[in-house]
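> Got a sequence here, can you model it:
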Amino acid sequence: MTARPTFRLLLQTALLVGVVSCAPIGADLEPTVEVFDGLTMGTSYSVRVVAETGWEPDRRARVGARIQGVLDATESAMSHYQPTSELSRFNRNRTTEPFYVSRETFEVMRLALDLSAQTGGALDVTVGPLVNAWGFGPDEPMQLPPNADLLGRLRSHVGFEKIELDPVASTLRKTDPELECDLSAVAKGYGVDQVAAALADEGETRFMVEVGGEIVASGLNQQGRPWRIGIERPSADGGIEQVVPLSDRAMATSGDYHIVREFDGRFVSHTINPHTGWPVEHQLAAVTVIADECVVADGLATALEVLGPEEGYALASERGWAALFLVRDDDGTITAHATAAFELLGSYNGN
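Below you'll find the model as predicted:
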(Lines give C-alpha, C1' and ligand atoms only; values in the text may rest on other atoms or scores of the structure.)
Protein backbone atom coordinates (compact mmCIF):
# COMPACT_ATOMS: atom_id res chain seq x y z
CA MET A 1 0.00 0.00 0.00
CA THR A 2 1.24 3.49 -0.79
CA ALA A 3 1.67 5.62 2.30
CA ARG A 4 -0.50 8.69 2.46
CA PRO A 5 1.76 11.69 1.75
CA THR A 6 1.88 14.85 3.79
CA PHE A 7 0.20 17.79 2.10
CA ARG A 8 -1.37 21.12 2.90
CA LEU A 9 -3.95 23.27 1.18
CA LEU A 10 -3.15 26.93 0.56
CA LEU A 11 -6.20 29.10 0.01
CA GLN A 12 -6.08 32.81 -0.68
CA THR A 13 -9.26 34.69 -1.48
CA ALA A 14 -7.59 37.77 -2.92
CA LEU A 15 -6.68 35.85 -6.12
CA LEU A 16 -4.92 37.68 -8.92
CA VAL A 17 -6.95 40.81 -9.51
CA GLY A 18 -7.35 43.81 -7.23
CA VAL A 19 -8.90 47.23 -7.52
CA VAL A 20 -6.33 50.03 -7.60
CA SER A 21 -7.34 53.23 -5.89
CA CYS A 22 -7.23 56.47 -7.80
CA ALA A 23 -6.21 59.79 -6.28
CA PRO A 24 -8.68 62.66 -6.52
CA ILE A 25 -8.18 65.03 -9.44
CA GLY A 26 -9.13 68.18 -7.60
CA ALA A 27 -12.89 68.30 -7.89
CA ASP A 28 -14.47 70.15 -4.96
CA LEU A 29 -17.42 67.80 -4.65
CA GLU A 30 -17.01 64.18 -5.63
CA PRO A 31 -19.83 61.67 -5.68
CA THR A 32 -20.06 59.33 -2.73
CA VAL A 33 -19.29 55.62 -2.95
CA GLU A 34 -21.57 53.04 -1.38
CA VAL A 35 -19.53 50.00 -0.30
CA PHE A 36 -20.80 46.45 0.13
CA ASP A 37 -18.51 43.60 1.20
CA GLY A 38 -19.27 40.03 2.15
CA LEU A 39 -18.66 36.34 1.63
CA THR A 40 -19.92 33.99 -1.06
CA MET A 41 -18.89 30.82 -2.92
CA GLY A 42 -15.95 30.17 -0.62
CA THR A 43 -14.43 33.59 -1.22
CA SER A 44 -15.17 37.27 -0.67
CA TYR A 45 -17.02 39.87 -2.69
CA SER A 46 -16.76 43.63 -2.98
CA VAL A 47 -19.23 46.03 -4.59
CA ARG A 48 -18.66 49.76 -5.08
CA VAL A 49 -21.50 51.97 -6.31
CA VAL A 50 -20.86 55.61 -7.22
CA ALA A 51 -23.81 57.78 -6.16
CA GLU A 52 -24.30 61.51 -6.57
CA THR A 53 -25.50 61.72 -2.98
CA GLY A 54 -25.39 59.34 -0.05
CA TRP A 55 -28.14 56.74 0.13
CA GLU A 56 -30.81 56.65 2.78
CA PRO A 57 -30.41 53.70 5.19
CA ASP A 58 -33.49 51.92 3.82
CA ARG A 59 -32.19 52.00 0.24
CA ARG A 60 -28.75 50.88 1.31
CA ALA A 61 -30.18 47.97 3.29
CA ARG A 62 -32.44 46.92 0.41
CA VAL A 63 -29.67 47.00 -2.22
CA GLY A 64 -27.25 45.23 0.10
CA ALA A 65 -29.80 42.48 0.72
CA ARG A 66 -30.43 42.17 -3.02
CA ILE A 67 -26.71 41.79 -3.74
CA GLN A 68 -26.32 39.08 -1.12
CA GLY A 69 -29.51 37.38 -2.28
CA VAL A 70 -28.34 37.20 -5.89
CA LEU A 71 -25.04 35.64 -4.85
CA ASP A 72 -26.70 33.24 -2.40
CA ALA A 73 -29.08 32.09 -5.15
CA THR A 74 -26.17 31.42 -7.51
CA GLU A 75 -24.32 29.45 -4.86
CA SER A 76 -27.37 27.42 -3.79
CA ALA A 77 -27.96 26.41 -7.40
CA MET A 78 -24.42 25.79 -8.66
CA SER A 79 -22.25 24.86 -5.68
CA HIS A 80 -20.70 21.41 -5.72
CA TYR A 81 -19.98 21.80 -1.98
CA GLN A 82 -23.61 22.23 -0.90
CA PRO A 83 -25.32 18.82 -1.01
CA THR A 84 -28.75 20.37 -1.61
CA SER A 85 -27.72 22.50 -4.60
CA GLU A 86 -29.14 21.76 -8.04
CA LEU A 87 -25.69 20.82 -9.25
CA SER A 88 -25.04 18.40 -6.40
CA ARG A 89 -28.40 16.72 -6.97
CA PHE A 90 -27.65 16.45 -10.69
CA ASN A 91 -24.29 14.87 -9.86
CA ARG A 92 -25.93 12.31 -7.58
CA ASN A 93 -28.49 11.44 -10.25
CA ARG A 94 -26.88 8.24 -11.58
CA THR A 95 -29.22 7.82 -14.53
CA THR A 96 -29.42 8.96 -18.13
CA GLU A 97 -32.90 10.41 -17.64
CA PRO A 98 -33.44 14.16 -18.22
CA PHE A 99 -32.93 16.22 -15.06
CA TYR A 100 -34.80 19.50 -14.63
CA VAL A 101 -32.79 22.55 -13.53
CA SER A 102 -33.61 26.22 -13.10
CA ARG A 103 -33.27 28.63 -16.01
CA GLU A 104 -30.14 30.11 -14.40
CA THR A 105 -28.33 26.79 -14.01
CA PHE A 106 -29.35 25.74 -17.51
CA GLU A 107 -27.97 28.97 -18.98
CA VAL A 108 -24.64 28.62 -17.16
CA MET A 109 -24.32 25.04 -18.35
CA ARG A 110 -25.16 26.08 -21.91
CA LEU A 111 -22.52 28.82 -21.83
CA ALA A 112 -19.95 26.46 -20.33
CA LEU A 113 -20.52 23.82 -23.01
CA ASP A 114 -20.27 26.48 -25.72
CA LEU A 115 -16.92 27.63 -24.31
CA SER A 116 -15.82 23.99 -24.12
CA ALA A 117 -16.48 23.59 -27.83
CA GLN A 118 -14.65 26.83 -28.63
CA THR A 119 -11.56 25.74 -26.66
CA GLY A 120 -11.38 22.12 -27.77
CA GLY A 121 -12.41 20.88 -24.34
CA ALA A 122 -9.76 22.82 -22.41
CA LEU A 123 -12.67 24.10 -20.36
CA ASP A 124 -14.67 21.06 -19.32
CA VAL A 125 -17.13 21.24 -16.44
CA THR A 126 -17.27 17.43 -16.26
CA VAL A 127 -13.74 17.46 -14.80
CA GLY A 128 -15.23 17.53 -11.28
CA PRO A 129 -14.21 14.00 -10.17
CA LEU A 130 -10.62 14.69 -11.22
CA VAL A 131 -10.64 17.96 -9.27
CA ASN A 132 -11.85 16.03 -6.23
CA ALA A 133 -9.21 13.33 -6.67
CA TRP A 134 -6.49 15.98 -6.46
CA GLY A 135 -7.96 17.44 -3.27
CA PHE A 136 -9.54 20.60 -4.68
CA GLY A 137 -13.16 19.55 -4.13
CA PRO A 138 -15.40 18.89 -1.14
CA ASP A 139 -13.63 15.67 -0.08
CA GLU A 140 -10.12 15.07 1.16
CA PRO A 141 -8.08 12.79 -1.14
CA MET A 142 -6.86 9.46 0.15
CA GLN A 143 -3.62 9.64 -1.81
CA LEU A 144 -1.57 12.25 -3.64
CA PRO A 145 -0.88 11.94 -6.42
CA PRO A 146 -3.88 9.74 -7.26
CA ASN A 147 -2.82 6.40 -8.69
CA ALA A 148 -2.93 5.83 -12.43
CA ASP A 149 -5.81 3.34 -12.25
CA LEU A 150 -8.03 5.83 -10.42
CA LEU A 151 -7.19 8.64 -12.83
CA GLY A 152 -7.89 6.35 -15.77
CA ARG A 153 -11.30 5.37 -14.39
CA LEU A 154 -12.23 8.96 -13.66
CA ARG A 155 -11.08 10.21 -17.06
CA SER A 156 -13.33 7.65 -18.75
CA HIS A 157 -16.32 9.55 -17.30
CA VAL A 158 -15.09 13.02 -18.35
CA GLY A 159 -16.24 14.77 -21.50
CA PHE A 160 -18.42 17.83 -22.05
CA GLU A 161 -20.02 16.15 -25.07
CA LYS A 162 -21.62 13.64 -22.65
CA ILE A 163 -24.17 16.24 -21.53
CA GLU A 164 -27.29 16.90 -23.61
CA LEU A 165 -29.41 20.03 -23.19
CA ASP A 166 -33.11 20.51 -23.80
CA PRO A 167 -33.84 24.25 -23.75
CA VAL A 168 -37.59 23.78 -24.05
CA ALA A 169 -37.84 21.50 -21.00
CA SER A 170 -34.86 23.14 -19.21
CA THR A 171 -33.28 19.75 -18.60
CA LEU A 172 -29.79 18.29 -18.59
CA ARG A 173 -29.19 14.67 -19.55
CA LYS A 174 -26.10 12.57 -18.95
CA THR A 175 -25.17 10.04 -21.59
CA ASP A 176 -22.84 8.56 -18.95
CA PRO A 177 -24.62 8.10 -15.60
CA GLU A 178 -21.30 8.38 -13.69
CA LEU A 179 -20.60 11.87 -15.03
CA GLU A 180 -20.28 14.72 -12.51
CA CYS A 181 -19.93 18.45 -13.07
CA ASP A 182 -18.05 21.29 -11.39
CA LEU A 183 -19.17 24.80 -12.41
CA SER A 184 -16.60 26.68 -10.34
CA ALA A 185 -14.82 27.88 -13.49
CA VAL A 186 -17.89 29.89 -14.51
CA ALA A 187 -20.20 30.26 -11.49
CA LYS A 188 -18.40 33.21 -9.89
CA GLY A 189 -18.34 35.06 -13.18
CA TYR A 190 -22.06 34.39 -13.60
CA GLY A 191 -22.71 35.68 -10.08
CA VAL A 192 -20.83 38.88 -10.89
CA ASP A 193 -22.94 39.35 -14.02
CA GLN A 194 -26.13 38.81 -12.04
CA VAL A 195 -25.17 41.38 -9.40
CA ALA A 196 -24.34 43.86 -12.17
CA ALA A 197 -27.76 43.21 -13.72
CA ALA A 198 -29.45 43.77 -10.35
CA LEU A 199 -27.65 47.10 -9.88
CA ALA A 200 -28.62 48.18 -13.38
CA ASP A 201 -32.21 47.25 -12.54
CA GLU A 202 -31.89 49.56 -9.54
CA GLY A 203 -31.04 52.37 -11.95
CA GLU A 204 -27.30 52.40 -11.18
CA THR A 205 -24.82 52.98 -14.01
CA ARG A 206 -21.50 53.51 -12.18
CA PHE A 207 -20.34 50.54 -10.17
CA MET A 208 -17.70 47.83 -9.79
CA VAL A 209 -18.57 44.26 -8.75
CA GLU A 210 -15.86 41.78 -7.73
CA VAL A 211 -16.22 38.19 -6.55
CA GLY A 212 -13.02 36.27 -5.86
CA GLY A 213 -11.09 38.33 -8.41
CA GLU A 214 -13.72 38.23 -11.18
CA ILE A 215 -14.90 41.74 -12.04
CA VAL A 216 -17.51 43.79 -13.87
CA ALA A 217 -16.94 47.55 -14.14
CA SER A 218 -19.76 49.81 -15.28
CA GLY A 219 -19.48 53.48 -16.19
CA LEU A 220 -16.88 55.65 -14.47
CA ASN A 221 -15.37 55.63 -11.00
CA GLN A 222 -15.66 58.30 -8.31
CA GLN A 223 -13.17 60.53 -10.11
CA GLY A 224 -15.01 60.32 -13.42
CA ARG A 225 -12.48 57.97 -15.01
CA PRO A 226 -12.59 54.32 -16.04
CA TRP A 227 -12.19 51.97 -13.11
CA ARG A 228 -8.51 51.11 -12.61
CA ILE A 229 -8.09 47.38 -12.07
CA GLY A 230 -4.71 46.04 -11.02
CA ILE A 231 -3.44 42.68 -12.21
CA GLU A 232 -1.21 41.14 -9.58
CA ARG A 233 2.29 40.01 -10.50
CA PRO A 234 2.39 36.25 -9.73
CA SER A 235 5.82 36.21 -8.11
CA ALA A 236 7.32 36.08 -4.64
CA ASP A 237 7.77 39.86 -4.67
CA GLY A 238 4.15 40.45 -5.68
CA GLY A 239 3.10 43.92 -6.70
CA ILE A 240 1.05 45.10 -9.65
CA GLU A 241 2.00 43.83 -13.10
CA GLN A 242 -0.38 46.06 -15.05
CA VAL A 243 -3.26 48.41 -14.44
CA VAL A 244 -6.21 48.12 -16.79
CA PRO A 245 -8.72 50.95 -17.29
CA LEU A 246 -12.05 49.12 -17.34
CA SER A 247 -15.49 50.48 -18.17
CA ASP A 248 -18.58 48.53 -19.24
CA ARG A 249 -16.55 45.35 -19.50
CA ALA A 250 -15.73 42.27 -17.43
CA MET A 251 -12.37 40.83 -16.43
CA ALA A 252 -11.31 37.49 -14.93
CA THR A 253 -7.99 35.89 -14.07
CA SER A 254 -6.89 32.28 -13.68
CA GLY A 255 -3.51 31.42 -12.16
CA ASP A 256 -1.39 28.54 -10.98
CA TYR A 257 -0.26 29.59 -7.52
CA HIS A 258 -3.00 30.91 -5.24
CA ILE A 259 -4.81 27.59 -4.73
CA VAL A 260 -2.35 24.71 -4.60
CA ARG A 261 -1.64 21.38 -2.96
CA GLU A 262 1.71 20.36 -1.59
CA PHE A 263 2.92 16.78 -1.49
CA ASP A 264 6.43 15.37 -1.32
CA GLY A 265 7.82 18.91 -1.37
CA ARG A 266 6.07 19.76 -4.62
CA PHE A 267 3.24 22.20 -5.29
CA VAL A 268 0.54 21.44 -7.85
CA SER A 269 -2.07 23.82 -9.26
CA HIS A 270 -5.83 23.49 -8.78
CA THR A 271 -6.30 23.82 -12.55
CA ILE A 272 -6.75 20.29 -13.91
CA ASN A 273 -6.13 19.44 -17.54
CA PRO A 274 -9.18 17.34 -18.51
CA HIS A 275 -7.19 15.61 -21.27
CA THR A 276 -4.47 14.28 -18.95
CA GLY A 277 -6.19 14.19 -15.56
CA TRP A 278 -3.19 16.01 -14.04
CA PRO A 279 -2.75 19.56 -12.79
CA VAL A 280 -1.33 21.87 -15.44
CA GLU A 281 2.46 21.78 -15.65
CA HIS A 282 3.76 24.60 -17.78
CA GLN A 283 5.19 28.08 -17.32
CA LEU A 284 1.97 30.07 -17.61
CA ALA A 285 1.63 31.63 -14.18
CA ALA A 286 -1.59 33.54 -14.83
CA VAL A 287 -3.87 34.66 -17.64
CA THR A 288 -6.34 37.54 -17.57
CA VAL A 289 -9.25 37.83 -20.01
CA ILE A 290 -11.47 40.84 -20.72
CA ALA A 291 -14.89 40.22 -22.26
CA ASP A 292 -18.38 41.65 -22.39
CA GLU A 293 -19.65 39.14 -19.82
CA CYS A 294 -17.83 37.98 -16.71
CA VAL A 295 -19.05 34.39 -17.09
CA VAL A 296 -17.31 34.30 -20.49
CA ALA A 297 -14.12 35.92 -19.19
CA ASP A 298 -14.11 33.48 -16.26
CA GLY A 299 -14.47 30.38 -18.41
CA LEU A 300 -11.98 31.52 -21.05
CA ALA A 301 -9.35 32.35 -18.43
CA THR A 302 -9.56 28.80 -17.10
CA ALA A 303 -9.39 27.31 -20.60
CA LEU A 304 -6.36 29.38 -21.58
CA GLU A 305 -4.63 28.46 -18.31
CA VAL A 306 -5.13 24.79 -19.23
CA LEU A 307 -3.81 25.30 -22.77
CA GLY A 308 -0.65 27.06 -21.60
CA PRO A 309 1.46 29.94 -22.87
CA GLU A 310 1.93 28.84 -26.48
CA GLU A 311 -1.29 27.05 -27.40
CA GLY A 312 -3.43 29.36 -25.30
CA TYR A 313 -1.89 32.51 -26.73
CA ALA A 314 -2.27 31.20 -30.28
CA LEU A 315 -5.96 30.39 -29.75
CA ALA A 316 -6.71 33.73 -28.07
CA SER A 317 -4.97 35.63 -30.87
CA GLU A 318 -6.80 33.64 -33.54
CA ARG A 319 -10.19 34.23 -31.92
CA GLY A 320 -9.54 37.91 -31.18
CA TRP A 321 -9.87 37.47 -27.41
CA ALA A 322 -8.42 40.16 -25.15
CA ALA A 323 -5.98 38.21 -22.98
CA LEU A 324 -2.81 38.91 -21.02
CA PHE A 325 -0.49 35.94 -20.40
CA LEU A 326 2.01 36.18 -17.54
CA VAL A 327 4.71 33.58 -18.16
CA ARG A 328 7.17 32.48 -15.47
CA ASP A 329 10.63 32.15 -16.98
CA ASP A 330 13.18 29.58 -15.79
CA ASP A 331 14.79 32.13 -13.47
CA GLY A 332 11.45 33.03 -11.89
CA THR A 333 10.95 36.35 -13.64
CA ILE A 334 7.56 37.14 -15.13
CA THR A 335 7.17 38.08 -18.79
CA ALA A 336 3.90 39.54 -20.08
CA HIS A 337 2.46 38.63 -23.48
CA ALA A 338 -0.70 40.49 -24.49
CA THR A 339 -2.88 39.67 -27.46
CA ALA A 340 -3.57 42.48 -29.92
CA ALA A 341 -7.13 42.77 -28.59
CA PHE A 342 -5.83 43.26 -25.05
CA GLU A 343 -3.34 45.91 -26.15
CA LEU A 344 -6.12 47.87 -27.85
CA LEU A 345 -7.83 48.33 -24.49
CA GLY A 346 -5.11 50.79 -23.49
CA SER A 347 -3.64 48.96 -20.53
CA TYR A 348 -0.55 50.47 -19.00
CA ASN A 349 2.14 49.43 -16.56
CA GLY A 350 1.54 49.92 -12.85
CA ASN A 351 4.09 50.71 -10.19
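> Which helix or which strand is home to R173?
Per DSSP states H and E, R173 falls inside strand 171-174.
> At the geometric centre of the chain, which residue do we find?
Centroid check for the chain by C-alpha atoms, centre = their mean gives D298 as the closest residue, at 4.1 Å.
> Output the contacting helices and strands for the strand holding R173.
strand 99-100, helix 103-118, strand 163-166 (3 or more C-beta pairs under 8 Å, 6 or more residues apart in numbering; DSSP states H and E). From N, CA and C alone the C-beta is placed, and that goes for glycine too.
> Run through who's touching the shortest one.
Taking contacts as C-beta atoms under 8 Å, 6 or more residues apart in numbering, the residues outside strand 99-100 that touch it are R89, F90, N93, A169, S170, T171, L172, R173, K174.
> again, only using 10 Å
Contacts to strand 99-100, defined as C-beta atoms under 10 Å, 6 or more residues apart in numbering, come from residues 86, 89-91, 93, 106, 166, 169-174.
> follow-up on the earlier one: could you check which helix or strand contains the closest residue to the residue nearest to the centre of the chain other than its chain neighbours?
In space, and not counting its chain neighbours, D298 is closest to G189: 2.8 Å by C-beta to C-beta, 6 or more residues apart in numbering. Using DSSP H and E, G189 sits in helix 184-201.
> picking that back up, which one of the contacts of strand 99-100 is nearest R233?
N91 (36.9 Å; C-beta to C-beta).
> correct me, but that closest one touches I163?
No. With contact defined as C-beta atoms under 10 Å, N91 does not reach I163; the gap is 11.7 Å.
> Give me the common contacts of those two.
Joint contacts of N91 and I163 (C-beta under 10 Å, 6+ apart) are K174, L179, C181.
> Any buried residues in the helix or strand hosting M208, and which?
According to DSSP H and E, M208 maps onto strand 207-211. For strand 207-211, the neighbour count (16 or more other C-beta atoms under 10 Å) marks F207, M208, V209, E210, V211 as buried.
> from these, which is closest to I67?
Nearest to I67 among these is V209, at 8.3 Å by C-beta to C-beta.
> In the beta-sheet assignment, what are the partners of the closest one?
Beta-bridge partners of V209, counted by DSSP bridges, are V47, V216.
> Give the burial count for the closest residue to S76 other than its chain neighbours, as a bare number.
Leaving aside its sequence neighbours, S76 sits nearest to S85 (C-beta to C-beta, 6+ apart; 5.7 Å). Neighbour count of S85, defined by other C-beta atoms under 10 Å: 19.
> in the protein, which segments are predicted with low confidence?
1-29, 134-135, 137-139, 141, 236, 256-269, 346-351 (pLDDT under 70).
> Select the longest helix from it.
In the chain, with assignment by DSSP state H, the single longest helix is helix 294-319.
> the inter-axis angle of it versus helix 184-201?
Interaxial angle, helix 294-319 versus helix 184-201 (axes from the mean of the first three to the mean of the last three C-alpha atoms, to 10 degrees): 110 degrees.
> what sits against the residue nearest to S247 when sequence neighbours are not counted?
Nearest non-adjacent residue to S247, counting by C-beta to C-beta, 6+ apart: P226, 4.1 Å away. For P226, the contacting residues are C22, A217, G219, L220, V244, P245, L246, S247, D248, R249, L345, G346, by C-beta under 10 Å, 6+ apart.
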